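> Predicted model and sequence below, questions to follow.
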Amino acid sequence: MHRQRRAKIIATVGPASSSPDTLKSLFLAGVDTFRLNFSHGAQADHAKVFAAIRELEEAVARPIGILQDLQGPKIRIGAVRDGRIQVEAGEELRFVRTEAEGDASAIPLNHPEVFAAIAPGHDLLIDDGKVRVRVISPGTDEFTAKVVVGGPITNRKGVNLPGTVLALSPLTAKDRADLEFGLKLGVDWVALSFVQRASDIIEARGLIGSRAGVMSKIEKPAALDEIDDIIRLSDAVMVARGDLGVEIPQEDVPGRQKELVRACRLAAKPVVVATQMLESMTNAPTPTRAEASDVATAIYDGADAVMLSAETASGKYPVEAVEIMDRIIRSTESHALYQSLVRATHPEVEDSPPHAVAAAAAELARAIGAKCIVGFTSSGTTAARIARKRPGLPILAITPDLAVARRMGLLWGAHCVHSADVTSYEEMVATAVGTAAREGLARQGQYIVIVSGIPFGQAGTTNNLRVAQITA
């Protein structure tokens, strides 16, 4: 089976979707990669879901990607007396480094890295920005701040610091334990939360190595200042619009989304657009018109994948949310304006033979009316180079590495097949023709375009282009 669309769907697994039957229904509805959110749930629960997905993969005979999303460092207010205090605009507050219960005269914030980094004029956004305070007088154990936007402050609400770069590793002690657990299970992707610097990716790569792909979640303004290096060091990027939309002006988020999608396409790295895409479907059987338009916008931008969070993790209609997202993507990609809009944002081809060959394959396939482009890939790079051109027809990605096939579940247009490695040119052509026919991507008499690297099995050597015809 192959999807009748190019962009991919990621679905978060939670209480509403963790049973084997629901996971199968989600896959059949259109899920390409499942997300395990380690901000919630015990390791044992995630292990059960992981095993169920791998059993499903064997049953459907299709590679299925699994994304482990780490919680990352969370800055939170401590406990306050009676669980709630009310603050008003213009009021001055005192924040203190303590684990003890606080009150309106001393609000607990037991995060030394905050006290070390803040400066006068820095803002703290409490509870997703519902309360905003501005630092007046910083200190090592306490600081004062003036309330800009008032409201209630309740126990352990999150704190965002949009103008402050914190001396924090993206991996807490919990994250490190979860990461080792996930890598032992065999997750395909690891998403790093609250990335601030390129060095954060280097730190994580030292722990992950080549055992999984590294996905950087862009949700901090500081990350935007080093975005080129972050993309270069990452295997994929997620535009995590939730926290990003808290820390930068909301009106800037759509433009930033387009910039990030384009930058990732230029680097031939998969890019995921996430957060609140069909949020109303957490409790309603249909999305709002604005949500449908939001998903379509990500597809017109050229995103590789779009993601569902609470909709499938805890919502009342997880399968329906996937079905509707699938319909929106297919409708968008079949619209008369889709190809012209996606081509208008084509990045310039890098001046190297591998990129030129992949770009030429896309143009050649379009010119001769080929039914698919077959990419032989040992690392996924050849398929990513082809996908960067958004050719408008399926990319049959054939790889001898099952882990690579699973990771390519995020890649735009890629229909991944795990197959034995080829050792000769004739075997390559025969495998491409036979697989394209068997997978239902081309019929007798139709043409396919084949891209490969010679010598075979050597990553990064995209240097060969061939046209073949299905003969049987």
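Arrived safely, thanks for sending.

> what does the one helix or strand residue 265 maps to contact?
For residue 265, the enclosing helix or strand under DSSP states H and E is helix 253-266. Under the criterion Cβ atoms under 8 Å, 6 or more residues apart in numbering, residues 218, 224, 227-228, 231, 236-237, 239, 241, 244-245, 248, 270-271, 273, 297-298, 301-304, 345-348, 388, 390 lie in contact with helix 253-266. Every C-beta, even on glycine, is put in place using the N, C-alpha and C of the backbone.

> All the helices of the stretch 251-400 of the chain, in order from the start?
Remark: helices assigned in the stretch 251-400 of the chain by DSSP state H, counting those that start in this stretch are 253-266, 289-301, 310-313, 318-333, 338-344, 353-368, 381-387.

> Spell out the secondary structure type for the closest residue to residue 218 other than its chain neighbours.
Distances taken as Cβ to Cβ, 6 or more residues apart in numbering put residue 239 closest to residue 218, at 5.7 Å, once the chain neighbours are dropped. Here residue 239 is recorded as strand under DSSP: H, G, I helix; E, B strand; the rest coil.

> How confident was the prediction at the closest residue to residue 77 other than its chain neighbours?
Distances taken as Cβ to Cβ, 6+ apart put residue 157 closest to residue 77, at 5.1 Å, once the chain neighbours are dropped. Per-residue pLDDT puts residue 157 at 91.

> and residue 157, how many neighbours does it have?
17 (other Cβ atoms under 10 Å).

> helices or strands up against whichever helix or strand residue 34 is part of?
Following DSSP H and E, one finds residue 34 within strand 33-37. Under the contact definition 3 or more Cβ pairs under 8 Å, 6 or more residues apart in numbering; DSSP states H and E, strand 33-37 sits against strand 8-13, helix 43-60, strand 65-69.

> now those as JSON lines including mean pLDDT?
What follows is the helices and strands packed on strand 33-37, written out as JSON lines (pLDDT from 0 to 100):
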{"stretch": "strand 8-13", "mean pLDDT": "98"}
{"stretch": "helix 43-60", "mean pLDDT": "98"}
{"stretch": "strand 65-69", "mean pLDDT": "98"}
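
> The helix or strand hosting residue 433: how far from the chain's middle?
Applying DSSP H and E as the criterion places residue 433 in helix 425-438. Centre-to-centre, helix 425-438 and its host chain are 32 Å apart (Cα atoms, centre = their mean, to the nearest Å).

> and the angle for the following helix or strand past that helix with helix 353-368?
Going down the chain from helix 425-438, the next helix or strand is strand 447-452, by DSSP H and E. Orientation of strand 447-452 against helix 353-368 (axes from the mean of the first three to the mean of the last three Cα atoms, to 10 degrees) gives an angle of 180 degrees.

> How about residue 419: what's its closest non-neighbour residue?
In space, residue 419 is closest to residue 398, 5.1 Å off (Cβ to Cβ, 6+ apart).

> re earlier: which strands or helices does the helix holding residue 433 pack on?
Using 3+ Cβ pairs under 8 Å, 6+ apart, helix 425-438 is in contact with strand 372-376, strand 395-399, strand 447-452, strand 464-469.

> nearest to residue 181, of these?
Closest to residue 181 of these is strand 395-399 (Cβ to Cβ; 26.4 Å).

> didn't residue 33 look like it was pressed against residue 67?
Yes - here residue 33 reaches residue 67: they are 5.6 Å apart, a contact under Cβ atoms under 8 Å.

> Pick out whichever of these two has more residues nearby.
Taking other Cβ under 10 Å, residue 33 and residue 67 do not tie; residue 67 has more neighbours (30 against 24).

> residues touching the more buried one, list them.
Residue 67 touches 10, 33-36, 187-191, 215, counting by Cβ under 8 Å, 6+ apart.

> before we move on, the earlier item: what angle do strand 8-13 and the strand holding residue 34 make with each other?
40 degrees.

> quick one on the thing from earlier: any buried residues in the helix holding residue 265, and which?
253, 256-258, 260-266 (16 or more other Cβ atoms under 10 Å).

> got it, and stretch 433-448?
Result for stretch 433-448 [16+ other Cβ under 10 Å]: buried residues 433, 435-437, 439, 441-442, 446-448.

> how about these in TSV, adding distance to residue 470 and pLDDT?
As requested, these are exported to TSV (distance: Cβ to Cβ, whole Å; pLDDT from 0 to 100):
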residue	distance to residue 470	pLDDT
433	6	96
435	11	96
436	7	96
437	5	95
439	12	94
441	9	95
442	5	95
446	5	96
447	8	97
448	7	97
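
> Out of the residues you listed, which is nearest to residue 394?
residue 441 (5.4 Å).

> neighbours around residue 379, how many?
16.

> neighbours around the residue nearest to it when sequence neighbours are not counted, how many?
With sequence-adjacent residues excluded and distances taken as Cβ to Cβ, 6+ apart, residue 379 is closest to residue 459, at 4.1 Å. If you count neighbours by other Cβ under 10 Å, residue 459 ends up with 14.
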